[in-house]
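Visitor: Provide a 3D model corresponding to the input given below.
(2 chains)
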Amino acid sequence: MHSLRLKISVSGVRGIVGETLTPQLLIRFAQAYGTYVGPGKVLIGRDTRTSGPMVSQAVCAGLLAVGCQPIEAGIAPTPTIQYRCATRTDTCGAIVITASHNPEEWNALKLLTGEGLFLSRLQSNELLGIYHQGAFRRAHGAQIPKLSQDTGALSAHLRAVLSQVDLPLIKGADLTVAADCVNGAGAVITPRFFEELGCKASILHGEPSGRFARPPEPLPKNLTALRELVKGGAATVGFAQDADADRLAVVDEGGRAIDGDLMLALLIDRVLRRTPGPVVVNLSTSNLIDHVAATHKVPLYRSPVGEANVVEEMLAQGAVVGGEGSGGLIYPAIHHCRDSLIGMALLLEYLAQGGNIANWVDALPARVRRSEKIPLSSTSVARSLLFTLRHELKDAALDLRDGVKATWPEGWLHVRASNTEPVLRLILEAEDQTALDGLRQRVEEILPLTP
Amino acid sequence: MRQVKISPQGIRGRVEDGLELDQVIDLVCAYACWIDKGPVLVVRDTRPSSKMLLCAVNAALSASGREVLDAGICPTPVGQFEAARRGTPGLISITGAHNDVSWNGLKLFGARGQVLTSAEGREILDLWHQDEYHRASHLELGEMRVLPEVIQSYIQQVTRWVDRDAIAAAKLRVVVDACNGAASVVIRELCLTLGVELIPISCEPTGEFPHPPDPTRRNLAAISSIIGPVSGAVGFGLSSDGERVALVTELGHPVGREGTFALLAEHLLGDPLAARKIVAGATLDSRVNHLADKFGAEIIRCGVGVQEVMSTLQLEGASLGGDNSGGVVVRKTHLAYDGLANLALLLEAMVQRGGAQALYEALPLAHVRLFTVPCPINRAFSAMAQVRRQAKGRVRDLDGVRVDLDDGWYHARVSNTEPVIRIACEAGSAEAVAELGAMVRNQVQAVSGKY
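Guide: Numbering: from 1, shown residues only, chains lettered A, B, ... in the order given. Next up, the predicted model:
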């Protein structure tokens, strides 16, 4: 079964331009959103996709109709809009027009609260209720607000990020870096970011054209060009973003694309060195984070997968840092959101201090990880499979907040239903390969794994 | 009941509780399928909700793969002139026309700004009902371009349509009430170019209408009260998109929009070269017949509204056409209800014939009344049938029912732009016409109910 061409869910609306993501649908969704958060000012940003202007017009029309005042910030990374929305006291919400790591023909709306946070599950369900009900607020013809612009979002975000690191130190270190902006929103801020830090930067795919030169998800297999650049000695370190520059991937000094969990471990370590405190990561993130937290003698909490869930738990626990292994550090000193810029800033500071990313990562305890997809005939069978799994794995410590996470002394496994495809996602982690194979054997007895 | 009317001319509705944005988008998508390949010119009036509709129109045209040429705030006839000059295959005017600020809508035009025939309009509605539109892929989306200044070439053309030097030589002082509508962006420059001094009332493009933007006698009161004190030679009221114009004499007498046709006919038929054929909407009063007799012209009656008038005019090769709305098409200018060009022609007429009051006094007297009766859409044609059944006189089916009596006539029709029945009547005296109007209104209300 193929994946869905359109998805309206708690994470917003996502579809393919020219097929499912029509202006009709976008206008209805913008009206529902404006009815939910408004009336008031709503900040609008977008990534570089060619459909951005069309989607933006539809969103503006929908917001105006329900009496909200759209403020267009133009092309900007998702964290830039989140930060701007949180620091402007006059907004009641923000919409980022981006399909994030999806291919260029996709687009989507990321919906934020007035505090610049993703809508929680509860809030998203309320919004969906309004959308399905179709009962939108209506403004009188004489009271339709005016459109306006915000030209200061990029500078404000940049200033906030730079204020968190030792600028003179980084400038003095004369670093040479490479970055792959995937022709996305990162292209409008990243070159300036390196300039401010006094780094000599080679920028790959730096045209903000929306024609992605590689698949926009910053997975190791998509970063060949960047790795070659670093390997060839053109740069000490390489950075890669996704289309809306919330996610970050790193290529170390040896030209090796570092696993997201390892990068997160390093970044969390950097933050805890300056401010020790509680840490939050999602249930699928590696136990290496437990190791880092233990080193700093701080508590670690886990949340269901998804930025909104991690942030919710961070707020509840008063966490000083958090994130997800898929490539996002969340550093609340700036804002509760995944932000590739603060990740890069902290790593550059580390390098300027004489640190070595490859060495640090290699010194971590050994861990073996495996992730795979389990195809389902339909999304509806996921629940009964998870139910069976939970009853068969009674000998483990179970966490049932997001699918089934089963933990034993030698390792753990996490199975959860995907939000976007009819599959179960399985992640296994253990101290060595033998233990990992043993855990997979257990799953295989219960679920239809492909060999 | 929702206040909205969808017709072969476009869509018009109350912004708060009638005009649904997804219907607007659907209609524009259908329109984009219907017109020939190429860009679409978009103009709008000054209403706060016009910018909202512009966003929706932009999104729909872009998603249909159509380039948008956004000419900004601009009267409908100026848009038609520009579309003809550029040869664009499509033109959309965003305007609530003569309706108050709580309303808005779209007027759709054919290639080169031509008024759609009702058959063409119905083809667009057929496409809409079919609910199948072209959806451009993310690489085929239409671009949105803002056009610089389009009014200059229009104003130059107006000076060629009239005897500019004669007008300028008269050193006229002209009072204009543009109701802060779209004509506000043209009127200063136009007056300057014609060499007349403008005394502006509500000539700022703010969209704040001090009265309904329709130059009826009542809405000309501001001009009437000011024209004496400022020693104005003539006054003009315009509708919000500049299609309709009505004259006020230097003595403060408002001729009203239903008199514009007669004033222009008198002036233009004075030219021996003009075709001896005029097209008059079914609701135009007996002054038209007198003029036709005076100049030996043939008068062709047709339905009401620009669509009916325009197609009859073209078919018959008439020199002039119009109805009692204040909208008049003058063949020697261009094929549009152009209130601004007609304003210039009326200036020319008064310069040639001794002033505005003289023009007015040369017209025979007519006792005319107009009534509007709200009527649910699903009863509208039953109401027409009722009026027809009860008619005592010569009955003609002309865009509704026209009944000619010995001493007058009445006409009832279903409005194309609002859910109402419009009644027009004429009789020998003010009392008789009031009585006649009450009779027809009662006939309609017997079916529509009072609501």
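
Visitor: Give me the nearest residue to the residue of chain B positioned farthest from its centre, chain neighbours excluded.
Guide: Of all residues in chain B, residue B:139 sits farthest from the chain's C-alpha centroid, using Cα atoms, centre = their mean; the distance is 39.0 Å. Once its chain neighbours are removed from consideration, residue B:139 has its nearest residue in residue A:50; the separation is 6.4 Å (Cβ to Cβ, 6 or more residues apart in numbering or on different chains). Where you see a C-beta, it was placed from the backbone N, CA and C, and this is true even at glycine.

Visitor: residues near residue 66, how many?
Guide: Just going to use chain A. The number of residues packed near residue A:66 is 23, by other Cβ atoms under 10 Å in any protein chain shown.

Visitor: right idea, wrong chain: chain B
Guide: 29.

Visitor: and the residue lying closest to it once chain neighbours are set aside, what is it in contact with?
Guide: The shortest distance from residue B:66 to any residue other than its chain neighbours is 4.2 Å, reached at residue B:142 (Cβ to Cβ, 6+ apart). With contact taken as Cβ atoms under 8 Å, 6 or more residues apart in numbering or on different chains, residue B:142 is in contact with A:54, B:39, B:61, B:62, B:63, B:64, B:65, B:66, B:67, B:68, B:136.

Visitor: One more: residue B:418?
Guide: Residues in contact with residue B:418 (Cβ under 8 Å, 6+ apart) are B:3, B:5, B:12, B:99.

Visitor: Just grab the bridge partners of residue A:338 for me.
Guide: Note on residue A:338: beta-bridge partners by DSSP bridges are residue A:330.

Visitor: That one touches residue A:325, doesn't it?
Guide: No. Assessed by Cβ atoms under 8 Å, residue A:338 is found out of contact with residue A:325, at 11.4 Å.

Visitor: Next one: residue B:405 from residue B:238, what distance?
Guide: Relative to residue B:238, residue B:405 is positioned 34 Å away (Cβ to Cβ, to the nearest Å).

Visitor: ugh, wrong one, I meant residue B:430
Guide: Shown here: residue B:430 relative to residue B:238, a distance of 28 Å by Cβ to Cβ.

Visitor: and the two? which has more neighbours close in?
Guide: With other Cβ under 10 Å as the criterion, residue B:430 and residue B:238 differ in neighbour count, and residue B:238 comes out ahead with 32 against 11.

Visitor: so who does the more buried one touch?
Guide: Contacts for residue B:238 (Cβ under 8 Å, 6+ apart) come out as B:176-179, B:181, B:183, B:187, B:213, B:215, B:244-245, B:339-340, B:343.

Visitor: Among those residues, which are located in helices?
Guide: Among the contacts of residue B:238, the subset assigned to helices under DSSP state H consists of B:187, B:339, B:340, B:343.

Visitor: want to try CSV for those residues, with distance to residue B:442, pLDDT and neighbour count as columns?
Guide: What follows is these, written out as CSV (distance: Cβ to Cβ, whole Å; pLDDT from 0 to 100; neighbours: other Cβ atoms under 10 Å in any protein chain shown):
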residue, distance to residue B:442, pLDDT, neighbour count
B:187, 42, 97, 24
B:339, 34, 98, 28
B:340, 40, 98, 28
B:343, 39, 98, 28
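
Visitor: out of these, which touch chain A?
Guide: With Cβ under 8 Å from any Cβ of the partner chain as the criterion, no member of the ones in helices among the contacts of residue B:238 is in contact with chain A.

Visitor: what two of those are the furthest from one another?
Guide: Distances among the ones in helices among the contacts of residue B:238 were taken as Cβ to Cβ; the most separated pair is B:187 and B:339, at 10.2 Å.

Visitor: what's the average pLDDT for the longest helix seen in chain B?
Guide: Of all segments of type helix in chain B, defined using DSSP H, the longest is helix B:430-448. Averaging the model's pLDDT scores along helix B:430-448 yields 92.

Visitor: Apart from its neighbours in sequence, what residue is nearest residue B:48?
Guide: Counting by Cβ to Cβ, 6+ apart, residue A:144 is the residue found nearest to residue B:48 once chain neighbours are left out, at 4.1 Å.
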